[in-house]
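> I'll drop the sequence and a predicted model, then ask my questions.
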Amino acid sequence: MDFPFDLNALFTERITVLDNNLSAARRAYGRPDPILQISTVIDELGKASSKAQQLPAPITSAAKLQANKHHLYILKDGEQNGGRGVIVGFLKVGYKKLFLLDQRGAHLETEPLCVLDFYVTETLQRHGYGLELFDFMLKHKRVEPEQMAYDRPSPKFLSFLEKHCDLKNSVPQVNNFVVFTGFFQSRSAVQLRKVLPKKPEGEIKPYSLMEREVVREEQRVLPWPFVRPVGPPHSPPLLPSSPQSRSLSVGSSPSRAPLRPAAAPGTPSSQLNDSCRAKRTSSLNRSRLSFH
Ligand SMILES: CC(=O)SCCNC(=O)CCNC(=O)[C@H](O)C(C)(C)COP(=O)(O)OP(=O)(O)OC[C@H]1O[C@@H](n2cnc3c(N)ncnc32)[C@H](O)[C@@H]1OP(=O)(O)O
């Protein structure tokens, strides 16, 4: 995704972390933020992501980022577009108070870090960029994949989590969030509190119930998250009626060269999240595709 301004001047790092101040540029240059340009990038990414997921409206925008305590990780390829750079994708995370059911069906009040939005531009999917973003975030937040909750993960994202992090056994929930079996064991990162039965429902509104309102065809048959992508876990078929069919994926991933560790500023590569990396079935070949 390219823009009519120099992305390398806007985002000095390969992966930029933005919070509600949208303040990456101020720290980098000591001058007022080019807020307008940063906002344009975020808004366009949010629109592209919602289109890819067939959501009725973007769940990521500059205004929403400013209004919430979320972190947005933006990945660029600085060499493309005549040296002005292109945006490859983004990942948005934030803490959410959630009522979750453990394996025995007990209600617990939790506040995990959640993946809220995740997008890699269509022509660059399945080249390892999603993993680069995800790995960077894990190191930045010092969290393990199984300690996180996932806001209505798409079939592509479920496949991604299974492939890269060996996350496949989810614990059924009544909201749109998905957690996996290790979640309730990792008490150090997740504050678990038993919820009294008479606590009124709806007091804490799951993010996804407000933002992700699309009712997908398959979910009319079985409630989320019992519906899993059909077919082999790593390469589900693209069904005409599924959200995946709108993505211009480059197809099943080719054999891949070793992953280059994400360039985490100030974070040694030795801190890479082993639980995720160790489970990678293959590593990644960064094709330098030109795109616009
Ligand atoms: C909580 C949420 O945010 S849910 C929303 C998730 N976002 C989307 O669905 C938007 C469209 N999809 C995307 O943007 C991307 O595919 C992402 C962000 C899910 C993953 O990023 P990528 O750069 O493609 O991932 P990466 O290359 O690191 O890993 C590839 C693996 O991801 C999964 N994956 C990626 N694209 C596809 C696809 N078209 N079909 C099926 N699986 C896919 C597969 O497991 C794939 O491994 P494989 O090629 O061996 O089958």
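Sure, I can see it.

> switch to C-alpha atoms for all contacts and neighbour counts from now on
OK.

> P112 - how many residues pack around it?
Residues contacting P112 under the criterion other Cα atoms under 10 Å number 22.

> Surely it touches D151?
No - shown here, P112 and D151 do not form a contact pair, counting by Cα atoms under 8 Å, at 11.3 Å.

> What strands flank the longest strand along the chain, and is each parallel or antiparallel?
If you go by DSSP state E, the chain has its longest strand at strand 86-95. In the sheet, strand 86-95 lines up against strand 71-77 (antiparallel), strand 113-120 (antiparallel) (DSSP bridges).

> does the ligand sit close to the first one?
Translated: strand 71-77. No - for strand 71-77 and the ligand, the contact criterion (Cα under 6 Å from any ligand atom) is not met; the two come no nearer than 10.8 Å.

> what's that strand in contact with?
7, 14-20, 65, 85-94, 133, 137 (Cα atoms under 8 Å, 6 or more residues apart in numbering).

> go again using 6 Å as the cut-off
Applying Cα atoms under 6 Å, 6 or more residues apart in numbering, the contact partners of strand 71-77 are 14-19, 85-93.

> All the strands of the stretch 101-250 of the chain, residue numbers only.
107-110, 113-120, 149-151, 170-171, 177-180, 193-194 (DSSP state E, counting those that start in this stretch).

> and the fifth one, what other elements does it pack with?
When contacts are defined as 3 or more Cα pairs under 6 Å, 6 or more residues apart in numbering; DSSP states H and E, strand 177-180 packs onto strand 149-151, strand 170-171.

> Compute the number of surrounding residues for the closest residue to V179 other than its chain neighbours.
Residue nearest to V179 in three dimensions, not counting chain neighbours: A149, with 5.0 Å by Cα to Cα, 6 or more residues apart in numbering. A149 has 27 neighbouring residues, counting by other Cα under 10 Å.

> Next: T40.
Residues near T40, counting by other Cα under 10 Å: 14.

> Please name the spatially closest residue to it (chain neighbours excluded).
Residue nearest to T40 in three dimensions, not counting chain neighbours: A62, with 7.8 Å by Cα to Cα, 6+ apart.

> Give me the neighbour count for F5.
By other Cα under 10 Å, the residues close to F5 number 11.

> how close does it sit to Q80?
Using Cα to Cα, to the nearest Å, F5 is found at 13 Å from Q80.

> cool, and L133?
From L133 to Q80 the distance is 18 Å (Cα to Cα).

> out of everything not next to it in sequence, what's closest to G85?
G85's closest residue in space is G78 (Cα to Cα, 6+ apart), at 3.9 Å.
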